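*Asks:* coordinates for the following, if possible.
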Amino acid sequence: MIIRTVLAIAALSLAASAQAQTPSTPGKPAPPSCQKPGEHPGKLGTDANRRKWVNDANAYLECLKKYALEQQAIAKPLLDQAKPHADAANAAIDEYNKAVKTLKEEADRNA
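*Replies:* From the prediction side, this is the model:
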């Protein structure tokens with residue numbers, strides 16, 4: 001529950017910061033447009049069919065790798081910007097948990 005709260009706070013602050021500083025950045029990136037290779041031709045396929053499949057598979061993997069690297073490049077500054085907010089939220093949660101424990105102990109002693 002606490003982790004979800006921290007993630008929600010980080011996501012909200014990240015979204016607010018991102019909108020305030022880079023309004024042209026879309027909220028949700030489009031999925032990769034990489035073309036999956038067809039079904040493997042198997043042992044009965046021709047050498048040309050197998051070579052084409054290997055080339056198609058390599059192109060697909062390269063496309064996914066490129067997409068992932070592009071998304072990481074976009075995400076890094078946003079994550080770096082959100083980290084201080086996530087750290088502050090975690091510190092507040094730690095303080096909250098300590099306070100609950102201390103207050104409960106005090107109430108139990110005085111009951």
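*Asks:* now find how far off-centre the host helix or strand of Ala89 is within its chain.
*Replies:* Per DSSP states H and E: Ala89 is located in helix 47-109. Averaging C-alpha positions (Cα atoms, centre = their mean, to the nearest Å) puts helix 47-109 4 Å from its chain's average.
*Asks:* give me every residue that touches the most centrally placed residue in the chain.
*Replies:* With distances taken as Cα atoms, centre = their mean, the residue of the chain nearest its centroid is Ala75 (8.0 Å). By Cβ atoms under 8 Å, 6 or more residues apart in numbering, the contact set of Ala75 is empty. C-beta here means a position set from N, CA and C on the backbone, and glycine is covered the same way.
*Asks:* pull up the gap between it and Pro37, please.
*Replies:* For Ala75, the distance to Pro37 equals 28 Å [Cβ to Cβ, to the nearest Å].
*Asks:* and if you look at Leu61?
*Replies:* Counting by Cβ to Cβ - Leu61 and Pro37 are separated by 9 Å.
*Asks:* the two: which is more packed in?
*Replies:* The neighbour comparison of Leu61 against Pro37 (other Cβ atoms under 10 Å) goes to Pro37, with 16 against 12.
*Asks:* report the secondary structure state of the more buried one.
*Replies:* Look at Pro37: counting by DSSP: H, G, I helix; E, B strand; the rest coil, its state is coil.
*Asks:* hang on, it packs against Ala57?
*Replies:* Yes: taking contacts as Cβ atoms under 8 Å, Pro37 lies within contact range of Ala57: 4.4 Å.
*Asks:* show me where pLDDT drops low in the protein?
*Replies:* Where the chain drops to pLDDT under 70, the residues are 1-26.
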